[in-house]
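Engineer: sequence and predicted structure below; questions after.
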Amino acid sequence: MDTIKTAQTLFPVLDLIKNRWSARSFMQEEIEQHDLDTVIEAASWAPSAMNEQPWEYIYAHRGTAGFDVLANCLLAGNFPWAKEAAVLVVSIARTVYASNQKQNTVALHDVGLANAYLILQAQSMNIYSHMMGGFDAEKLKLALDLNDQQKAICVIALGYLDIPEKLEEPFKGRETQARSRKSLREFSTQLS
């Protein structure tokens with residue numbers, strides 16, 4: 001829709017990755033349950049330590065009481081635009097292995113991989129995503145009745161892309177701003 005958001009890479013990165021960005025402007029169009037199930041199933045195929053699959057997803061469609069519960073746990077920097085998403089998804093890590101009740105020290109890593117699979121699958125279906133760390137973790141924990149072995153990692157807004165002009169500032173400016181990343185040499189080092 002808006003080519004300004006296509007990443008300008010130095011190397012032949014997959015188009016699916018170059019075209020994925022964290023949108024804030026969403027259409028009122030609903031995401032069909034079949035499509036949402038497809039997006040969430042993609043997450044299940046991420047690699048995980050000991051095949052633990054330490055991820056859980058709790059989601060709600062816009063217009064439901066559950067959506068309002070999730071939206072009301074967002075911080076002020078996310079609520080104004082995220083409340084317009086078609087679906088809000090809470091990504092949760094189970095921090096203890098089911099097989100041996102030991103601490104899973106890589107659970108957050110594994111959930112991050114699952115989230116990446118989820119948002120890339122969504123992108124392949126023209127569903128845009130925005131992962132948010134800006135939520136009230138304690139309020140969300142109480143609202144979802146999470147136990148001490150369940151850690152909310154992020155809330156993911158999903159929806160079909162709409163025009164940035166419908167957003168208020170500062171969100172409109174962020175929606176149209178070109179993407180940028182650190183140079184490869186700033187975060188990678190070759191050992192010899």
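Structural biologist: Cool, the structure landed. Computed from a predicted structure; not experimentally measured.
Engineer: just the mean pLDDT for the strand or helix carrying L16, thanks.
Structural biologist: Secondary structure assignment for L16, by DSSP states H and E: helix 15-18. Average pLDDT, helix 15-18: 92.
Engineer: next SSE downstream of that helix?
Structural biologist: Scanning forward in sequence from helix 15-18 by DSSP H and E, the next helix or strand is helix 33-44.
Engineer: just the CA trace of that next one, in CSV.
Structural biologist: This file holds the C-alpha atoms of helix 33-44, laid out as CSV (Å, rounded to 0.1, in the frame of the first residue of the first chain):
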residue,chain,number,x,y,z
GLN,A,33,-11.4,-16.8,12.2
HIS,A,34,-9.9,-19.2,9.7
ASP,A,35,-7.2,-16.6,8.7
LEU,A,36,-6.5,-15.8,12.4
ASP,A,37,-6.2,-19.5,13.1
THR,A,38,-3.7,-19.8,10.2
VAL,A,39,-1.6,-16.9,11.6
ILE,A,40,-1.6,-18.5,15.1
GLU,A,41,-0.8,-22.0,13.8
ALA,A,42,2.3,-20.6,12.0
ALA,A,43,3.6,-19.6,15.5
SER,A,44,3.4,-23.3,16.6
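Engineer: what's the mean pLDDT across it?
Structural biologist: Summarised as a single mean, pLDDT over helix 33-44 is 98.
Engineer: which other helices and strands does that helix contact?
Structural biologist: Helix 33-44 sits against strand 55-61, helix 107-124, with contacts defined as 3 or more Cβ pairs under 8 Å, 6 or more residues apart in numbering; DSSP states H and E. For glycine as for every other residue, the C-beta is placed from the backbone atoms N, C-alpha and C.
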